[in-house]
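[1] Need a 3D model of the sequence below.
(one chain, ligands or ions: 2)
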Amino acid sequence: MRFLRLLFLLFVIQTQAQQGGMWLPNLLSGMNEKEMKSLGMKMSASDIYDVNKSSLKDAVPHFNGGCTSEVISPKGLLLTNHHCGYGQIQDHSTVEHDYLTNGFWAYKMEDELPNKDLVVTFIVRIEDVTTKVLDGTQSLAEADKQKKIQDNIQSLSTSLPKESWQENRIRTFYEGNQYLLFVTETYKDVRLVGAPPSSIGKFGSDTDNWVWPRHTGDFSLFRIYADKNNRPAEYSKDNVPYTPKHFLPVSLDGVKENDFTMVFGYPGRTTEYLPAVAVEQILNDINPARIAVRDAALKVEDGFMRKDPAIKIQYASKYASIANYWKKWIGESQGLKKSNAVSVKKKQEADFTNRVNKAGKQAEYGTLLADFDKYYKEIAPYALGREYFLEIALRNTELLSVTYKMYQLEQIYNNKGEQSFNDRRKNLVDGLGDFYKDFNKTVDEKVFEQLIAIYSKNYPAQFLPSGLSNIDAAKLSADVYGQSKMTSLDGVRQLLSGDAQTTLANLNNDPAFKLVKEMADKYTKEIAPKYDELNLKITALQRSYMKAQLELNKDARIFPDANGTLRVTYGKVKGYEPKDATIYTPISYLDGVLEKYIPGDYEFDVPSKLIELHNKKDYGPYAENGKMPVCFIGTNHTTGGNSGSPAIDARGNLIGLNFDRVWEGTMSDVYYDPAICRNIMVDIRYVLFIIDKYAGAKNLISELKLVHPKKK
Ligand code: ARG
Ligand code: ASP
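    Numbers count the residues shown, from 1 in each chain. Ligands and ions are numbered 1, 2, ... in the order given. Purely as a prediction, here's the structure:
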């Protein structure tokens, strides 16, 4: 009997083992630790997170708020993705010193390049502060309740204990059912140390993005600098390399299928607990709108970038970021359809209703699902209008997005007066140089022409400004871009000079400003208030839906949605079947880079030095049976923000660098299907090979702690 129970338990653990999940590192002991050990982990939960001794978390800082990074040497050497350091690499690049194209390597510390506005943030400790945050909110109506919660968070952030160089950050989990405090330390002097050429770091570019098999060496290196006391400090040439509490040893032993892997990082945002009706809205309304807008913008930019190397540098980073989510949304929609996510959710909702009835909780939860239906239907036109406005005016047409800042400036004058206006104007003017450095009027005008036509045609008719129905897009573009002063730095400076009244009068005479004002007024008056009102209701529903699931489904694996906080996800190295009669194995090799090689192509060119190393099989100690591994995939549940996260073996050594997910599984932010959702990592031995054999940066290799855990 005991034996049978054990067998049953093992079976449950095994079948659940690949269900995904992004877990809080301070809450791993118990169910997660057991499961991780069953998958092969040889560490304990306190090796991963501990406040009293150094642990893995001390080596994993958030990289500039958007990516993850890890410390890999006692001198603060930091590893992240090439696409995470892309902005910095671009910033130091010119047509003469083109580090994007040719790579960059600091062979001495003096050559490392400082970066303005680049920070990394470590977690010192995590504490539950739910009771404190919800104090005095119980009997309030929803809007007042949210306001009181924000006030509490504000005052707790200053009153809760921390050192003077630390920050307190409070974040919500389980849709407002739990609040956690993160005490953090943010380092502000982070310098560029190394980057491979894009033909390695971005090999395959947009064609291979979100795709397996993959052959990208998506990494770059930075170094954290600190003051003499090892504390955060603004850039200074007197700063010294940071001494970490922990750094990751690097394994030379590689991976094979079914090895345990863990990915530790800062996943940005998931929505795994949406009702079916919300998933339908993503599929039918939101994703198609976003995809159509970006489709048009990307075609225009690509045309110019292929013809002009200067435009290529100006637009490379912007293009990559627009293309990235464009492609993700296409994959997401396909995956949601293929995995029948909507009907799976509907079935889960039927089960949920049964459970509510069984528990006699109809009064509390009985109308939840019907309410979701009602409010999602009501919000649909507002959500669609909002999406078009954001995508067209704020994200993909540069002239409109910079002009929108001027629109906000006018609002500030109207709402807060002249002093606030002057402060903001100064701020704006200071930032404009960076914007115009990469702005090309001709490119943006063509983008505008395409997108404003989509806006005129597809925007929900009841919200379309009257001047924008039935437009001649070519004529409108010629008018706006021909006459607006907003198309050049000098022009904007002129517009923004003089006293407040003069500036506002100038702005209101400018055709770009007039257009944006028409669009934005309509949006802020007719869409935003109603959207916010309905969204508040939906958020409250989502909160009780979560509460109900936590209460009524005690043994389910319910992890909090990603929210940019530190999480652990774990699984195994594993291939998958993308479609009928096709099997993908989990490891790719340098031979595959050469199979994809297209000489001179901007996505698939290969540097001659790499071809030479491949011909001579000059792989140093990094190859396996004469083959150089490049990437591998696993069942770790990751999302945007996990880029740059360390892939860690059973004993806490670095084996890879997370950077992407597979095409068939990009819907994992909404619905995780363990059969086809995989994360993609660069094999750490490929990183070492490029640093050592390709770049000859032995100085960096000698800082690392290289280990052979499998040979022990
Ligand atoms: N898809 C990955 C992520 O979401 C990688 C993006 C960078 N690579 C690219 N080709 N744009 O960030
Ligand atoms: N590429 C993503 C990132 O930048 C990771 C992902 O979405 O899987 O964070």
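[2] use CA for all of it now, contacts and neighbours both
    OK.
[3] Give me the mean pLDDT for the host helix or strand of Lys132.
    Per DSSP states H and E, Lys132 falls inside helix 130-134. Helix 130-134 shows a mean pLDDT of 98 in the predicted model.
[4] next helix or strand past it?
    With DSSP H and E, the next secondary element past helix 130-134 is helix 142-159.
[5] Going by neighbour count, which residues in the following helix or strand past that following helix are buried?
    Sequence order places strand 167-173 as the next helix or strand after helix 142-159, per DSSP H and E. By 16 or more other C-alpha atoms under 10 Å, the buried positions in strand 167-173 come out as Glu167, Asn168, Arg169, Ile170, Arg171, Thr172, Phe173.
[6] Okay, helices next: where are they in the stretch 151-300 of the chain?
    With helices called from DSSP state H, counting those that start in this stretch, the stretch 151-300 of the chain shows them at 198-201, 205-208, 276-281, 287-307.
[7] Which strands and helices lie in contact with the longest one?
    I take that to be helix 287-307. In terms of contacts (3 or more C-alpha pairs under 8 Å, 6 or more residues apart in numbering; DSSP states H and E), helix 287-307 is packed against helix 309-338, helix 368-389, helix 441-458.
[8] Tell me which of those helices sits nearest to ligand 2.
    helix 309-338 (8.2 Å; C-alpha to the nearest ligand atom).
[9] Next, the angle helix 441-458 makes with that closest one.
    30 degrees (axes from the mean of the first three to the mean of the last three C-alpha atoms, to 10 degrees).
[10] do helix 309-338 and ligand 1 meet at all?
    Yes: interface with ligand 1: helix 309-338 contributes Ala320, Ser321, Asn324 (C-alpha under 6 Å from any ligand atom).
[11] what about the closest residue to Ala383 other than its chain neighbours, how many neighbours?
    Spatial nearest neighbour of Ala383, chain neighbours left out: Tyr531 (6.7 Å); criterion: C-alpha to C-alpha, 6 or more residues apart in numbering. Residues near Tyr531, counting by other C-alpha atoms under 10 Å, number 20.
[12] need the residues of this structure near ligand 2, please.
    Cys67, Thr638, Thr639, Gly640, Gly641, Asn642, Ser643, Phe659, Asp660, Arg661.
[13] phi, psi of the fourth one?
    The phi/psi pair for Gly640 (degrees, to the nearest 10) reads phi -50, psi 130.
[14] what ranges do the helices span in the stretch 551-700 of the chain?
    590-596, 608-615, 684-689, 698-701.
[15] list the helices and strands the helix or strand that contains Leu78 packs on?
    Leu78 belongs to strand 77-80 when assigned by DSSP H and E. Packing partners of strand 77-80 (3+ C-alpha pairs under 8 Å, 6+ apart): strand 70-71, strand 220-226.
[16] could those strands be laid out in a markdown table, adding mean pLDDT, distance to Leu134 and mean neighbour count?
    Shown next, in a markdown table, are the helices and strands packed on strand 77-80 (pLDDT from 0 to 100; distance: least, C-alpha to C-alpha, whole Å; neighbours: other C-alpha atoms under 10 Å):
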| stretch | mean pLDDT | distance to Leu134 | mean neighbour count |
| --- | --- | --- | --- |
| strand 70-71 | 99 | 34 | 30 |
| strand 220-226 | 99 | 37 | 26 |
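[17] With distance to ligand 1 as extra columns, can I get those in JSON lines?
    As requested, these are arranged in JSON lines below (distance: least, C-alpha to the nearest ligand atom, whole Å):
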{"stretch": "strand 70-71", "distance to ligand 1": "17"}
{"stretch": "strand 220-226", "distance to ligand 1": "13"}
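[18] quick revisit: looking at the helices and strands packed on helix 287-307, which is buried most?
    helix 441-458 (a mean of 20; mean count of other C-alpha atoms under 10 Å).
[19] Can you give the contact residues for that one?
    293, 296-297, 300-301, 304, 388, 392, 396-399, 464, 468-471, 473-474, 476-478, 481, 487 (C-alpha atoms under 8 Å, 6 or more residues apart in numbering).
[20] Could I get the pLDDT score of the residue in the stretch 351-500 of the chain that ligand 1 sits nearest to?
    Of all residues in the stretch 351-500 of the chain, Asn396 sits closest to ligand 1, at 15.8 Å by C-alpha to the nearest ligand atom. On the pLDDT scale, Asn396 is placed at 98.
[21] Would you mind pulling the contact partners of the strand holding Leu78?
    63, 67-72, 219-224, 643-645, 657.
[22] circling back to that earlier point, generate JSON lines for the helices and strands packed on strand 77-80, with distance to Asn52 as supplementary columns.
    Listed next are the helices and strands packed on strand 77-80 as JSON lines, based on distance: least, C-alpha to C-alpha, whole Å:
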{"stretch": "strand 70-71", "distance to Asn52": "19"}
{"stretch": "strand 220-226", "distance to Asn52": "22"}
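[23] ok, the residue in the stretch 301-450 of the chain that ligand 1 sits nearest to to Asp302 distance?
    Nearest to ligand 1 in the stretch 301-450 of the chain, going by C-alpha to the nearest ligand atom, is Ala320, at a distance of 4.3 Å. Distance from Ala320 to Asp302, counting by C-alpha to C-alpha, to the nearest Å: 10 Å.
[24] who's in contact with Ala143?
    Shown in contact with Ala143 (C-alpha under 8 Å, 6+ apart): Leu536.
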